[in-house]
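*Asks:* Using only what follows, build the 3D model:
(4 chains)
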Protein chains: 2
Amino acid sequence: MVKLTPVTACDACPIRHNAVCADCDSQELAMLEKAKSYRTVPPGTQIAAAGQPLEHFSTIVTGCATLSRTLEDGRRQTVGLLLPSDYIGRPGRATSGYDVEAVSEVTVCRFERRTFERLVRDTPHIAARLLSMTLDELDAARDWAVVLGRMTAREKIATFLVSLARRASASSGEAGPSGAVSLHLPLSREAIADHLGLTIETTSRQITALRKDGLIETPSARDILIPSFERLSLEAGEDDDGGPIV
Amino acid sequence: MVKLTPVTACDACPIRHNAVCADCDSQELAMLEKAKSYRTVPPGTQIAAAGQPLEHFSTIVTGCATLSRTLEDGRRQTVGLLLPSDYIGRPGRATSGYDVEAVSEVTVCRFERRTFERLVRDTPHIAARLLSMTLDELDAARDWAVVLGRMTAREKIATFLVSLARRASASSGEAGPSGAVSLHLPLSREAIADHLGLTIETTSRQITALRKDGLIETPSARDILIPSFERLSLEAGEDDDGGPIV
DNA sequence: CGGTTCATTGAGCCACATCAAGAAGTGTGG
DNA sequence: CCACACTTCTTGATGTGGCTCAATGAACCG
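*Replies:* Modelled structure (predicted):
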């Protein structure tokens, strides 16, 4: 079930310059190397459960996970999409507030909770980076509230695709996407629906509608080709700056 | 327009133990006292505008403000309700990502941005407290996504009232509210609608419906009496622990 | 006491949900 | 390599919760 992934050197880590360790010098990195461990889980694995103990602070190295909450009657809302360099867990808290589920094979780099809290306390570079990342996450969560509260189904889908394209190009260090962009969806229709506050049927219909309008092509259910990123952005309700919506 | 509020001693400050300064010792407080200034603005004042420069880091001392974003076509979504001890501005960023508007008379305690960034960098007690508060805000924003994405209009209103009651009782240092609770709404119907992703009409109708069902009484449009906090909580979809939804 | 703003209420409609049925992949065993 | 089951996605038909448009009522204020 759980692969015991060999520990790699931080220098070779794909998220070395994006994660909570981004600002660490080589000496600080040495401390992290001693304390860290990796864990790889297959798609569908529940990594944490709302209200349950969570004894590690983890960072996604590769793969994709969802952060969600489910109401008693089964309604689910995904409140965050976790991609490489995003973290799982909250320093200072021993339980998870949300469900975390791997949607693809996920490898995390993790620290025992107490250990990480000590690292945060004693390592200003980590504390500062964690604050900066948390502020970014807060902005992203607030931006998403606008999507959930005020956008139409079509705008939600377009915004989701645009934001995925942005994150994909950001992680590969490019400038903002433009022109034709191709995209692999890490999420099923159902997971997309849960992320956007829609039903699976509406999600599917809106994707079909965007295809019929020539705004996207769908080589397969999980692959999207955006002929013109700019045109899709307009559909997403991008006004002025084209700043990231998530 | 803007009152020049006399600077009070931090020891006498109503949010001394809740704000970003909560963990400071007397020596650190002395530094803050030198750098801080107060500003009081009347209801309706725009405190910050999305995309515009924001040269201060402010903390609400008294009053209530909304944090919102407006789409080009006028649709508005409030992404946060700012109450005493909540902060405005983002260290490390010179512009505001959102509109901030005072909905009652608001007094803030503020620092010039550069000054505050230095304080955060040099004062671990402030950095740690700011991180903790930001993590709390992040949880609140994510919790709100569930409300926006998956709740019915009735549940949204009930959840809003329940969360207001919780915050009111928390700020006066009580245990969680129970039994009969009375509440003053800081927001107009329109502002409530913008917060909940509803229209003003639906907001009004659902408040009327809750009244007709005996879950609330409305002595005036801005005052709510909750005869049984527990019963309203159930209406808000509270399942198990009664933990704060926001 | 008229003007203005804010809240309530009603009538009708529409975007999205729900219910239901296929279609297209995907994996498993023979 | 195919048959079958199973899951995921798509599409259609119908229902409804909340939006839109419109009017009235209530509070505030000069």
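*Asks:* show me the contacts for residue A:111.
*Replies:* A:32, A:35-37, A:56-58, A:119 (CB atoms under 8 Å, 6 or more residues apart in numbering or on different chains). Just so you know, the C-beta spots here come from the backbone N, C-alpha and C atoms, and that holds for glycine as well.
*Asks:* Please apply the same query to residue A:155.
*Replies:* Taking CB under 8 Å, 6+ apart as the test, what residue A:155 contacts is A:147, A:235-237.
*Asks:* Surely it forms part of a helix?
*Replies:* Yes: judged by DSSP: H, G, I helix; E, B strand; the rest coil, residue A:155 forms part of a helix.
*Asks:* Separate out the buried members of the contacts of residue A:111.
*Replies:* Buried subset of these (neighbour count, 16 or more other CB atoms under 10 Å in any protein chain shown): A:32, A:36, A:56-58, A:119.
*Asks:* Which stretches in chain A count as helices?
*Replies:* Along chain A, counting by DSSP state H, helices occupy A:26-35, A:113-122, A:124-150, A:153-171, A:189-196, A:200-212, A:229-235.
*Asks:* Go through the ones you listed and name the closest to residue B:90.
*Replies:* helix A:124-150 (5.6 Å; CB to CB).
*Asks:* Most neighbours of all the contacts of residue A:155, which one?
*Replies:* residue A:147 (24 neighbours; other CB atoms under 10 Å in any protein chain shown).
*Asks:* Enumerate the residues of chain A near DNA strand D.
*Replies:* Residues of chain A lying near DNA strand D by CB under 7 Å from any atom of the strand: A:188-190, A:200-201, A:203-205, A:207-208, A:218, A:221-222.
*Asks:* Close to chain B as well: tell me which of those residues qualify.
*Replies:* Filtering the residues of chain A next to DNA strand D for proximity to chain B by CB under 8 Å from any CB of the partner chain leaves nothing.
*Asks:* what's the closest of the residues you listed to residue B:96?
*Replies:* Among those, and counting by CB to CB, the member closest to residue B:96 is residue A:203, at 32.9 Å.
*Asks:* Show the pLDDT at the closest one.
*Replies:* In this prediction, residue A:203 carries a pLDDT score of 98.
*Asks:* Tell me if I'm right that it and residue A:195 touch.
*Replies:* No: Residue A:203 lies out of contact with residue A:195 (CB atoms under 8 Å); the separation is 9.3 Å.
*Asks:* on that earlier part again, please render the contacts of residue A:111 as JSON lines that adds pLDDT to the earlier fields.
*Replies:* Formatted as JSON lines, the contacts of residue A:111 follow (pLDDT from 0 to 100):
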{"residue": "A:32", "pLDDT": "96"}
{"residue": "A:35", "pLDDT": "97"}
{"residue": "A:36", "pLDDT": "97"}
{"residue": "A:37", "pLDDT": "96"}
{"residue": "A:56", "pLDDT": "98"}
{"residue": "A:57", "pLDDT": "98"}
{"residue": "A:58", "pLDDT": "98"}
{"residue": "A:119", "pLDDT": "97"}
